[in-house]
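Engineer: whatever this is, show me its structure:
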Amino acid sequence: MTKKIFRSIYIVAISVFAASAILFMGALYNYFTGVQQSQLQTQATLAAQGVANEGAAYFDELNTDDRLRITWIDTDGTVLYDTEGNSVEMENHLQREEVKQALLNGTGESIRYSSTLLKRSLYCAKRMDDGTILRLSVAQNTIITLLLSMLQPILIMFVVALVLSLILAYRLSNKIVKPLNNLNLDEPLNNKEYEELSPILHRISSQQRQIKLQHDELKQKQKEFDAVTQGMAEGIILLNSECEILSINPSAQKIFNTNPFCIGKFILSVNNSFELQELLLKSSKGKYCEKIIELDGEKYQLNASPIISGSKVSGTVLLLLNVTEKEKAEQQRREFTANVSHELKTPLHTILGCAELMENNMVSEKDVPEFAGKIHSQAQRMISLIEDIINLSHLDEGLQDMKKERISLLGIATETASSLSAQAKQKEITLNVAGDDVEIEGVASLISQIIYNLTDNAIKYNHKNGSVDIKIKDDGETATITVSDTGIGIPEEHLDRIFERFYCVDKSRSKEIGGTGLGLSIVKHAARLHNAAISTQSTIGQGTSISVTIPKQ
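Structural biologist: Take a look at the predicted model:
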């Protein structure tokens, strides 16, 4: 802007100077021409009086300036006398403009230029009483000649004017622009330098208020967005149309094993999996899509939602959901359904087969008790299985309808051992209860199921004349229930899976002794509802020890 103002002032100054110089010289030239013309008229009048008084003798002793020329012309245009040449050889002057005017009006004037335009002549003619014409002329330099003769001083003046114009233009442009550069745009209405800026300053002030309101609104929305996304367990990433990261929450950073410095980078530089590339390609075409990808052993559902502005895709929202547990739960549900179907199918077939043989009188009377016993045992197995499934379903729903209270672990362990004493005696198993009388806050029925199922398994998978020990230990903030047996033991490769539903180390042995495969799963769920930890130790042929550590509160 300063340069434009400088150039404008400079050009105007030079133009004004040039125009002023031309106008001044022209006016001055015209003024002196008028003065000279007036003098020529006076001289013509005086000369005419002299000729009228003395006749041709007036010219005999006449001394004139070299520039002044006197011509006496007869009434027919013949030159009677001329100070610059032989009058006889001169052409007729009757058609000269000043002569014609003098014949008509008494006086006449004209100006004629030389062939080179460097000189011009001023003419003044006066008609005398006898009708002859006396004409005076004077030679004068034209304005071009004057300019050429004054070229040096004119150039000096032009250079001086040029320098002064540069200095004045520079100072004036800076003086004009300085208030503009010093405008307080933070408070535009406080600027009073130029009244002409008032409309734009009011407009700036209004726009600043609008921008501030929009900024505050965006800042508030950003805070709300950050507050929501920062605490999300799901990962969320915002991308622009070039698939560059605009925002990424901590969960997404953890999933992609990156940090906040990835903002502004290309998303494929963070993770270049084929699934992600395919999602971005579809999203760039305005399509919603989702894929399951695996990262560090975890499965994530990756959803890509395009952000459409007008008719163009201006960005993408990536949402990452950890579906590992969901996938496991779905797998477990399928396995559970298949196992339940299988476990119920076997005793039903046995019951159906025995009932069909008895219905068709294909069983002798002495074998009826045996067949009835099979029906009874298989029905009892089905009841146990259904009860365990109901218990598991109840445990899956949590503790909403269960009452917590202060309970004695040693008391529950003693009652449970008493209820299983007949079963232990039948298998010739010694059942012992010992330990500290510890009280915890919990659900009595669930603690009872933990001890019952652990003890029941310890009896079922024990050797004849073996032993089962139930021990309660006070650990300060926690209490530990330990059930140990001298049974067959569990192979090490199966220890991590024994708490899964329907998982059996030896299926044939489990069916033989009437196990449902759900006991330890019930123990796991009941322990989880009490925030308890389970540990298992086992040696093949020597026995197994399972401990459940429960917080007292």
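Engineer: and the helix ranked longest in the chain, what does it pack against?
Structural biologist: If you go by DSSP state H, the chain has its longest helix at helix 2-54. Contact here means 3 or more CB pairs under 8 Å, 6 or more residues apart in numbering; DSSP states H and E; on that basis helix 2-54 packs against strand 68-73, strand 107-113, strand 119-127, strand 133-141, helix 143-149, helix 151-181. Just so you know, the C-beta spots here come from the backbone N, C-alpha and C atoms, and that holds for glycine as well.
Engineer: quick check: angle from it to strand 68-73?
Structural biologist: Per axes from the mean of the first three to the mean of the last three CA atoms, to 10 degrees, the angle that helix 2-54 makes with strand 68-73 is 50 degrees.
Engineer: TSV for the helices and strands packed on helix 2-54, including mean neighbour count, mean pLDDT and distance to Asp469?
Structural biologist: TSV is the format used below for the helices and strands packed on helix 2-54 (neighbours: other CB atoms under 10 Å; pLDDT from 0 to 100; distance: least, CB to CB, whole Å):
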stretch	mean neighbour count	mean pLDDT	distance to Asp469
strand 68-73	21	84	157
strand 107-113	16	85	144
strand 119-127	21	86	145
strand 133-141	21	83	143
helix 143-149	13	70	133
helix 151-181	13	77	93
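Engineer: report the inter-axis angle for the longest helix of the chain versus strand 133-141.
Structural biologist: 150 degrees.
Engineer: using CSV, write out every CA atom in stretch 129-147.
Structural biologist: The C-alpha coordinates for stretch 129-147 follow below in CSV (Å, rounded to 0.1, in the frame of the first residue of the first chain):
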residue,chain,number,x,y,z
ASP,A,129,-4.3,58.9,-45.8
ASP,A,130,-3.1,58.5,-49.4
GLY,A,131,-4.2,54.8,-49.3
THR,A,132,-0.7,53.3,-49.2
ILE,A,133,0.1,50.8,-46.5
LEU,A,134,3.0,51.0,-44.1
ARG,A,135,3.8,47.6,-42.5
LEU,A,136,6.2,46.8,-39.7
SER,A,137,7.3,43.3,-38.8
VAL,A,138,9.6,42.0,-36.1
ALA,A,139,11.2,38.5,-35.9
GLN,A,140,10.4,36.4,-32.8
ASN,A,141,11.8,33.0,-31.5
THR,A,142,9.1,30.3,-31.2
ILE,A,143,8.4,28.6,-27.9
ILE,A,144,10.4,25.5,-29.2
THR,A,145,13.4,27.7,-29.8
LEU,A,146,13.0,29.1,-26.3
LEU,A,147,12.8,25.6,-24.8
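Engineer: for it, the distance to its chain's centre please.
Structural biologist: Its chain's C-alpha centre lies 87 Å from the corresponding centre of stretch 129-147 when counted by CA atoms, centre = their mean, to the nearest Å.
Engineer: just for the stretch 401-550 of the chain, where's the confidence low?
Structural biologist: 401-402, 501-518 (pLDDT under 70).
Engineer: how about the helices in it?
Structural biologist: Taking DSSP state H, counting those that start in this stretch as the test, the helices found in the stretch 401-550 of the chain are 409-419, 421-426, 444-460, 507-513, 519-529.
Engineer: quick one: closest of the ones you listed to Asp475.
Structural biologist: Closest approach to Asp475 among those is made by helix 409-419 (11.6 Å; CB to CB).
Engineer: now the angle between helix 444-460 and that closest one, please.
Structural biologist: Angle, helix 409-419 to helix 444-460, by the same axes, to 10 degrees: 50 degrees.
Engineer: what comes up buried for helix 409-419?
Structural biologist: Leu409, Leu410, Ile412, Ala413, Glu415, Thr416, Ala417 (16 or more other CB atoms under 10 Å).
Engineer: ditto for stretch 545-553
Structural biologist: Of the residues in stretch 545-553, those buried (16+ other CB under 10 Å) are Ser545, Ile546, Ser547, Val548, Thr549, Ile550, Lys552.
Engineer: show residues contacting it.
Structural biologist: Applying CB atoms under 8 Å, 6 or more residues apart in numbering, the external contacts of stretch 545-553 come out as 409, 438-442, 447, 450, 454, 475, 477-485, 523, 527, 530-538.
Engineer: buried ones only from those, please, as a ChimeraX command.
Structural biologist: A single ChimeraX command selects the buried members of the contacts of stretch 545-553 (16+ other CB under 10 Å):
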select :409,438,440,442,447,450,454,478,479,480,481,482,483,484,485,523,527,530,532,534,538
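Engineer: show the average pLDDT along the longest helix of the chain.
Structural biologist: The pLDDT scores in helix 2-54 average 79.
Engineer: how far is it from where the chain is centred?
Structural biologist: 72 Å.
Engineer: now do stretch 74-94
Structural biologist: Taking mean C-alpha positions (CA atoms, centre = their mean), stretch 74-94 and its chain are 100 Å apart.
Engineer: contacts for it next, please.
Structural biologist: For stretch 74-94, the surrounding residues in contact (CB under 8 Å, 6+ apart) are 56, 59, 62, 64, 68-73, 95, 99-100, 103, 131-133, 135.
Engineer: how long is that stretch from one end to the other?
Structural biologist: 9 Å (CA to CA, to the nearest Å).
Engineer: so which bits of it are buried?
Structural biologist: Asp74, Gly77, Thr78, Val79, Leu80, Tyr81, Asp82, Thr83, Ser87, Met90, His93.
Engineer: what mean pLDDT does it have?
Structural biologist: 79.
Engineer: again with stretch 254-265
Structural biologist: 84.
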